[in-house]
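> Pasting the sequence and the predicted model now:
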Amino acid sequence: MDTAPVDAFDNTLVLLTVEEAARRLRIGRTVCYRLISSGELESITVGHLRRVPVDAVPEFVTRRRKRQQPTTTATAA
């Protein structure tokens with residue numbers, strides 16, 4: 001019987017299901033599919049299956065963080 005917590009990450013995984021990617025991002029499956037459809041979150045197909053590369057999740061977060069940071073401009077004194 002597997003007693004690992006649901007949120008435990010398997011460091012050997014290369015691809016995640018959409019549900020696993022959504023869980024890591026703490027978002028719903030539908031929102032995750034919407035991000036994939038818009039191209040914001042990278043995914044690939046393997047046969048008829050949709051998979052999210054493991055490294056696509058932190059890349060998505062990094063892009064979002066950069067986009068949401070306030071732009072600071074130097075002012076002449």
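The structure has been received and is ready for your questions. Numbers count the residues shown, from 1 in each chain.

> What is the biggest strand by length in the chain packed up against?
Within the chain, and with DSSP state E defining each element, the longest strand by residue count is strand 49-53. Contact analysis of strand 49-53 by 3 or more Cβ pairs under 8 Å, 6 or more residues apart in numbering; DSSP states H and E lists strand 15-17, helix 18-25, helix 29-38, strand 44-46 as its packing neighbours. Quick note: C-beta positions are derived from backbone N, CA and C, even for glycine.

> Enumerate every residue touching the residue most central in space within the chain.
The centre of the chain sits closest to Val57, judged by Cα atoms, centre = their mean, with a distance of 2.8 Å. Applying Cβ atoms under 8 Å, 6 or more residues apart in numbering to Val57 gives the contacts 16, 21, 24-25, 41.

> Secondary structure class of it, three-state.
Secondary structure, DSSP: H, G, I helix; E, B strand; the rest coil: Val57 is helix.

> can you count the residues close to Val18?
19 (other Cβ atoms under 10 Å).

> Quick check: it touching Arg29?
Yes - with contacts defined as Cβ atoms under 8 Å, Val18 counts as touching Arg29 at a distance of 6.1 Å.

> got the contact list for Arg29?
Arg29 makes contact with 18-19, 22 under the criterion Cβ under 8 Å, 6+ apart.

> Tell me the spacing between Lys66 and Glu59.
As defined by Cβ to Cβ, to the nearest Å, Lys66 lies at a distance of 11 Å from Glu59.

> Which one's more surrounded, the two?
In this comparison of Lys66 against Glu59, neighbours counted by other Cβ under 10 Å, the higher total goes to Glu59 at 12 against 8.

> mind checking how far the more buried one is from His48?
Glu59 sits 25 Å away from His48, taking Cβ to Cβ as the criterion.

> For Arg24, give me its contacts.
Taking Cβ under 8 Å, 6+ apart as the contact definition, Arg24 lies against 9, 16, 57.

> how close does the closest residue to the first one other than its chain neighbours sit to Val14?
Ranked by Cβ to Cβ, 6 or more residues apart in numbering and with sequence neighbours excluded, the top spatial neighbour of Phe9 is Arg24, at 7.4 Å. Using Cβ to Cβ, one obtains 14 Å as the distance from Arg24 to Val14.
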